[in-house]
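Participant: Would you be able to build a 3D model of this:
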Amino acid sequence: MEGALYYDLRGQRERRAVICARVTADTLQMANDGTLWKEPSMVDDLRERLWTALVYLEHGSSEASAAANRIIMESCYKFCHFAPMIALQILVRDMALLAPPAKELLREYVTNVLPHFLRDDMDYVGVNDNFPSMASFICLLAGQMFHDQVAFRVGSGRLLQFKELLRRRGVSTEFNSPTYTPIHAYALAEISAWVQDEAVVVLALELEERTWVDLLGHYHPQTLQHAGPYSRAYMRDSAGRIHSNRFMLLSLLGASLPDYVADTEWSYEALTTGQRISSAMRMMADFHCPTRLVDALLHKTYPFTFKASFDCSPSSDYGADAEPDLCVQGAYEYPAAEGLIQSFMTDNYALGTSTREFHNGMQTDAFHLLYRRAVPVRKLNDVGTVFARYVSNAKKIDLSMNILNDEGRKIALQHENTAVVVYKPKAFLQSGIHRLALQLYVTLGDNGAAPDEIFLGEQPVAGEWGESAAPCSIYVKDGPVYIAIHPLRISNLGRKTGVSVTRQGGFLVVSLINYEGPARNFSAEELLAVCNGFAVEVGSGERDGDFASFRERCALSSVSDRLSSSVHSRYRISRTVKFNRDGLELALEYSPFSEGVRYMSVNGKSMDIPTFELSGFML
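Facilitator: Modelled structure (predicted):
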C-alpha cells in the first residue's frame, strides 16, 4: 500500500545508494588525508563534516565507516541549527557502524544543545520556517532516543503549530524557496521515518504533502526549473542555475525528471565537491510525496496558475544577534503582513509575484520571470530569468555571487501575464550615496549572448548598451518570449540618465535610476518617499504575433503613479499606482512609510487572496 500511495520509494532508495557510493569513491581519499576540508567548495565546519560522515555511513563499507567515525571524533562541536539534526540522523540510522566513543560524542552533543531547541524562538513564529522544521525533528528524535518527555512534547506541539499555519494559509511563511522550503519536506520526511508515535507520523505525512504541493506546484517542466516567486533566493536561484531543490526533485523523480541532455554543467562530473556531498545529503530521506501529486503537477496543462496565501511576522534590518533593546528602540520596523503568492505559467514562461515580502525582504524575489530561450530546453543557458534588486552605489554582480541583497522594499500585484511591482529604497541608505537605482537583471545566454532584440522606447539598443534621459519603456525579445517593462514614477533626486541598459557579469542590466552624482547623505524621511518600480507584460510569438506587433500593443498601455496627502489623513503620504491596457486595470494604494495597504484591485474589484488555488487541482 505504501509503495502505491507514495511515489517511487524503491527508486528513491536505489538512487540514494548510487549517489552515496559515487560520492564516497570520489572523496574518501581526500577525507583520509585531510585535503577534503581544503577544497574551495567545502567549508571546514561541523555541518559539512557531519553531512560527509552521514553519506559515508549510508554507503556502509568498512573503509567509509572508519572514515566517518574519525570525522565525528575529530570534529569541533559547537552550536549550529543544522548539526544536531544530522547527529540524530547518524545515531538513529547507523548505531551498528558507529564506534562507541563516536556514538557517545554525538549523544553528548545533542544533549548539550537540546535546551536551545526547546525555546519559544524555535517555534513557527512567522519567519525562517526551516529552523522550526529541523527543531521539530531534533526534539522528537532526542525525546524518543533519550526518553525525554518534555522534548518530545515540544516537538509534537511544534508540528501542531505548523498545521495551524497551513490551516489558515496555503503555504508556509518561508514559501517556495529553492534552498529552504526543501528543508521543510526533508525534516518532515525524516520525522515520519523514525518517530514511533503513530499520531506524530500521520501529522508529519500530512505536512510533508502540503510542502510538496508548494515545491511541485512551482516546478515548470518546459524549463526544467523551479519557478518563482521566492521567499528567500540566492543568486543561483534567481539566475536559474542549479539549486538545492533540483537535487530533491532528482531524488524523488529520478528518470521522470527530464535532464539537461546536452549540458555538462548539470552533469555529476561538473559539480563541485561540496555540491556532490550536498546533493547526496538532499537525497538521504525517503520522501512521502503522494503519487497523485506527481501525476498531476509534473504534467501541467497551460495556462497554469498557482495562488496561495501566506503571512509573516514583523522584522527589521538588524541582525539576529543584535541586542533586543536596540531592535526595539532603534530599528525601522517592517510590519507583519498577510499576502498572496502567484505564478502564471505557459509552456514558454512562468511569471511569479508576491504581494508582500518575507522577513526584511533582502532575499525575496517578489518578482521573478523564468522562460525558455530554445524549444526544447537542452542546457542551462537555454533558460532565461529576469529578477529585480534595488541597489546603492556601484555594486557589481556576477553569476558566481552567493547573494545580492535587495536594498529596497517592494509590493507586487499580478494578473496572469502582467504584473506591477512598486519599489522604494530602504531607510538605512543614508550616507555616502552616489547612486540609487532599481535594477532588473536578465541572464545572458550561451557565451554571454544577449537577447535577440532590445528597445528603449522606439529606439533599438545596439551593442547591449543604451540610455535615455527620461524614463521610457524597455522591450526585450529573447527566443520565443517577449518582455515589456514600463517604469513607474522614478523620483529624480539628481541624475542625467533615467534608464540605462548595460552588460555586467553574465547579465543584461536594466537600471531605473533615482540618483547618480556626487556622494551625498539622505534622511530616512527622504528615502521613504522615493518612488521606483515597474509594470511588466510578458508575451510570446504564439500569442502576440511578431515582436513589432507586441511592442505596438504594449505601447498603448499606460501607468500612473502619484503621491498624495490631505488634512483628513493628517498629511500622511499615500502612493497610488495604476496600470491600464485594453481590458485590464491593476491598481493599488499604500503608505510607503508604514507599508499599510489600502487596496489592491484588478479591474476595479478587490484582489482575491484565496487560501489555496491551483489550476485543475483539488487539495
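Participant: Could you list the paired strands of the strand of greatest length in the chain along with their orientation?
Facilitator: For the chain, the longest strand by residue count, based on DSSP state E, is strand 507-520. Here strand 507-520 is paired, per DSSP bridges, with strand 433-443 (antiparallel), strand 499-504 (antiparallel).
Participant: Give the buried residues for that strand.
Facilitator: Neighbour-count burial for strand 507-520, counted by 16 or more other CB atoms under 10 Å, picks out 507, 508, 509, 510, 511, 512, 513, 514, 515, 516. Every C-beta, even on glycine, is put in place using the N, C-alpha and C of the backbone.
Participant: now swap in stretch 363-377 and tell me
Facilitator: Quick answer for stretch 363-377 (16+ other CB under 10 Å): 363, 364, 365, 366, 367, 368, 369, 370, 371, 372, 373, 377.
Participant: Spell out, range by range, the helices that occur in the stretch 301-450 of the chain.
Facilitator: 324-330 (DSSP state H, counting those that start in this stretch).
Participant: In it, where is pLDDT below threshold?
Facilitator: For the stretch 301-450 of the chain, the stretches flagged by pLDDT under 70 are 319-331.
Participant: Give the other helices and strands that the strand or helix carrying residue 144 contacts.
Facilitator: Remark: residue 144 resides in helix 130-145, with elements defined by DSSP states H and E. On a contact count with 3 or more CB pairs under 8 Å, 6 or more residues apart in numbering; DSSP states H and E, helix 130-145 meets helix 83-93, helix 100-117, helix 149-168, helix 181-194.
Participant: Next, the angle from that helix to helix 83-93.
Facilitator: Helix 130-145 runs at 40 degrees relative to helix 83-93, counting by axes from the mean of the first three to the mean of the last three CA atoms, to 10 degrees.
Participant: gap between helix 130-145 and the chain center?
Facilitator: Distance of helix 130-145 from the chain centroid (CA atoms, centre = their mean, to the nearest Å) equals 24 Å.
Participant: repeat for stretch 113-120
Facilitator: 27 Å.
Participant: Buried residues in that stretch, which are they?
Facilitator: 113, 114, 117, 118.
Participant: closest to residue 205 among those residues?
Facilitator: Set against residue 205, the nearest of these by CB to CB is residue 117 (22.0 Å).
Participant: so how far is residue 103 from the closest one?
Facilitator: Applying CB to CB, to the nearest Å, the value for residue 117 to residue 103 is 20 Å.
Participant: Spatially central residue for this structure, please.
Facilitator: The centroid of the chain falls nearest to residue 177 when counting by CA atoms, centre = their mean (2.9 Å).
Participant: mind listing what that one touches?
Facilitator: Residue 177 is in contact with 230, 231, 232, 233, 237, counting by CB atoms under 8 Å, 6 or more residues apart in numbering.
Participant: Please flag which of these sit within helices.
Facilitator: Among the contacts of residue 177, DSSP state H puts residue 237 in helices.
Participant: Save the contacts of residue 177 as TSV, and put in distance to residue 306 too.
Facilitator: Below are those laid out as TSV (distance: CB to CB, whole Å):
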residue	distance to residue 306
230	13
231	14
232	18
233	17
237	17
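Participant: Spatially, which two of the contacts of residue 177 are the most separated?
Facilitator: 231 and 237 (10.5 Å).
Participant: Pick out whichever of the two has more residues nearby.
Facilitator: residue 231 (31 against 26; other CB atoms under 10 Å).
Participant: what's the neighbour count on residue 234?
Facilitator: Residue 234 has 20 nearby residues by other CB under 10 Å.
Participant: Report the contact partners of it.
Facilitator: Residue 234 is in contact with 178, 179, 243, 363, 402, 403, counting by CB under 8 Å, 6+ apart.
Participant: among those, which ones are buried?
Facilitator: Buried residues within those, counting neighbours by 16+ other CB under 10 Å: 178, 179, 243, 363.
Participant: Farthest-apart pair in the residues you listed, please.
Facilitator: The largest separation in these, counting by CB to CB, is between 243 and 363 at 13.0 Å.
Participant: hang on, the earlier thing: out of the contacts of residue 234, flag the one nearest to residue 577.
Facilitator: Checking those against residue 577 with CB to CB, the nearest one is residue 363 at 24.2 Å.
Participant: If we ignore the residues flanking it in sequence, what's nearest that closest one?
Facilitator: Nearest residue to residue 363 in three dimensions, chain neighbours excluded: residue 232, at 4.3 Å (CB to CB, 6 or more residues apart in numbering).
Participant: Number of residues surrounding the one you found?
Facilitator: Residue 232: 23 neighbours (other CB under 10 Å).
Participant: Would you mind confirming that it is in contact with residue 361?
Facilitator: No: Residue 232 is beyond contact range of residue 361, at 10.0 Å (criterion: CB atoms under 8 Å).
Participant: how much space is there between residue 122 and residue 135?
Facilitator: Distance of residue 122 to residue 135, given as CB to CB: 4 Å.
Participant: Now the common contact residues for those two.
Facilitator: By CB under 8 Å, 6+ apart, residue 122 and residue 135 have these common neighbours: residue 158.
Participant: That's all I had, so thanks and see you.
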